[in-house]
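*Asks:* kindly generate the corresponding structure for this input.
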Amino acid sequence: MNPHRLKDRLDSVPESLDATQRARLAAHRSAVDECRERITELRGELRRVLSGIDGPRSSVEIMIELDGLERVQQRLDSRLSDLCDELTGGVAPVRYGDAPPL
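*Replies:* Numbering: from 1, shown residues only. Below you'll find the model as predicted:
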């Protein structure tokens, strides 16, 4: 999810959440952030390997992990968005693409 959209989704959640709801939101956000950070690390590792700098793994190994994490990221983003909808009691407007808001 685009960082702008993620921020919008999180900002839509009311401040009046109870401790359980806050814990769920924090766990979802942590998972999204952790996956995004790992994807960034792998992209850097892949760039280095493809630039001819030797690394501990092959480009294929890196690409396989990266591909899987990019698919997982979409699922985590979707779950976080669904949780935000649940906690706000509404449904977010449908947006197509991942462009920043206008």
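
*Asks:* how deep is residue 25 tucked in, by neighbour count?
*Replies:* 18 (other C-beta atoms under 10 Å). From N, CA and C alone the C-beta is placed, and that goes for glycine too.

*Asks:* I misspoke; the intended subject was residue 76.
*Replies:* So residue 76, with other C-beta under 10 Å, has 20 neighbours.

*Asks:* try residue 78
*Replies:* 11.

*Asks:* hey, where'd the helices end up in the protein?
*Replies:* 3-11, 19-50, 59-88 (DSSP state H).

*Asks:* need the ones you listed in TSV (columns: mean pLDDT).
*Replies:* Formatted as TSV, those follow (pLDDT from 0 to 100):
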stretch	mean pLDDT
helix 3-11	83
helix 19-50	94
helix 59-88	94
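
*Asks:* quick one: residues contacting the most centrally placed residue in the chain.
*Replies:* The residue lying closest to the centre of the chain (C-alpha atoms, centre = their mean) is residue 32, at 3.8 Å. Counting by C-beta atoms under 8 Å, 6 or more residues apart in numbering, residue 32 touches 1, 6, 73, 76-77, 80.

*Asks:* and with 10 Å instead?
*Replies:* By C-beta atoms under 10 Å, 6 or more residues apart in numbering, the residues touching residue 32 are 1, 6, 10, 73, 76-77, 79-81.

*Asks:* among these, which ones are buried?
*Replies:* 1, 6, 10, 73, 76-77, 80-81 (16 or more other C-beta atoms under 10 Å).

*Asks:* what about residue 64, how many neighbours?
*Replies:* 12.

*Asks:* for the one 3 residues further on, same thing?
*Replies:* Residue 67 sits with 11 neighbouring residues when counted by other C-beta under 10 Å.

*Asks:* mind checking how far it is from residue 28?
*Replies:* According to C-beta to C-beta, to the nearest Å, residue 67 and residue 28 sit 22 Å apart.
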